[in-house]
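Q: Pasted the sequence and its predicted model underneath.
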Amino acid sequence: MANALFYLMALLSVASALGVVLAKNPIQCVLSLLGSFFCLATIYLLAGFQFIAAAQILVYGGAIMVLFLFVIMLLNLGDPGTADKTDARMFSRPNVAAVVVVAALLLGVAVYAVKLSPVVHAAQELPERGIDTVHGLAGEMFGRYLLPFEAVSLLLLATAIAVVVLAKRERSPKRGAKS
């Protein structure tokens with residue numbers, strides 16, 4: 001059953017990735033990317049990488065996607081004339097019903113796969129090289145690699161500030177213009 005769930009998630013991940021590339025509306029692209037992130041997190045869970053799956057959901061699904069949506073909404077990307085028609089079609093009753101049915105089926109398959117799969121306890125042996133615990137990963141990330149980690153956070157902050165400044169500059173009326 002775990003193999004069937006893996007293949008289903010792989011197929012949905014590829015379909016979501018195609019949605020990112022082929023969608024014309026930026027919001028639909030972001031939502032397709034979010035679907036791909038969730039499918040990848042499920043694949044990580046099936047492989048036994050719980051920490052990476054949680055990081056995938058929290059970092060990419062949460063922070064990065066919120067940043068993408070913030071930038072899209074701030075820059076007002078999208079054609080205002082077609083946005084109302086696209087939103088009306090996207091949230092029609094058949095589409096919402098299809099999404100609810102597919103989500104219920106995925107949840108049912110996931111619960112069934114979890115109930116059927118045996119509980120496997122990982123060996124507590126430490127590897128000769130590498131990091132195998134969250135404590136070891138946190139020690140490396142916030143010890144040895146603290147400076148690059150903080151540099152990336154400052155870069156993301158500077159990018160968000162630059163987007164706000166650029167968006168504010170484009171929307172403000174020109175001074176001295178006669179109306």
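A: Looks like it arrived, so ask away.

Q: which residues of this structure score low on pLDDT?
A: 76-91, 113-114, 117-133, 169-179 (pLDDT under 70).

Q: how does it divide into domains?
A: 1-116, 134-173 (automatic domain parsing).

Q: got the ones you listed as a markdown table, with mean neighbour count columns?
A: C-beta here means a position set from N, CA and C on the backbone, and glycine is covered the same way. As requested, the domains of the chain are arranged in a markdown table below (neighbours: other C-beta atoms under 10 Å):
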| stretch | mean neighbour count |
| --- | --- |
| domain 1-116 | 14 |
| domain 134-173 | 11 |
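
Q: contacting residues around the one helix or strand Gln28 maps to?
A: Assigned by DSSP states H and E, Gln28 falls within helix 26-47. Contact with helix 26-47 is made by 2, 5-6, 9-10, 12-13, 16-17, 19-20, 23, 50, 52-54, 56-57, 60-61, 65, 68-69, 72, 77-78, 86, 90, 110, as judged by C-beta atoms under 8 Å, 6 or more residues apart in numbering.

Q: quick check, distance from the longest helix anywhere in the chain to the centre of its chain.
A: In terms of residue count, the longest helix belonging to the chain (DSSP state H) is helix 146-171. Relative to its chain's centre, helix 146-171 lies at 20 Å (C-alpha atoms, centre = their mean, to the nearest Å).

Q: Who are the contact partners of the residue positioned nearest the centre of the chain?
A: When the chain is reduced to its mean C-alpha position, the closest residue under C-alpha atoms, centre = their mean turns out to be Gly61, at 3.0 Å. When contacts are counted by C-beta under 8 Å, 6+ apart, Gly61 touches Leu34, Phe37, Phe38, Ala41.

Q: again, but for Ala23
A: By C-beta under 8 Å, 6+ apart, the contact list for Ala23 reads Cys29, Ser32.

Q: can you do 10 Å?
A: Taking C-beta atoms under 10 Å, 6 or more residues apart in numbering as the definition of contact, the neighbours of Ala23 are Cys29, Val30, Leu31, Ser32, Leu33, Thr86.

Q: Most widely separated two among the residues you listed?
A: The two members of the contacts of Ala23 with the most space between them (C-beta to C-beta) are Leu33 and Thr86, at 17.4 Å.
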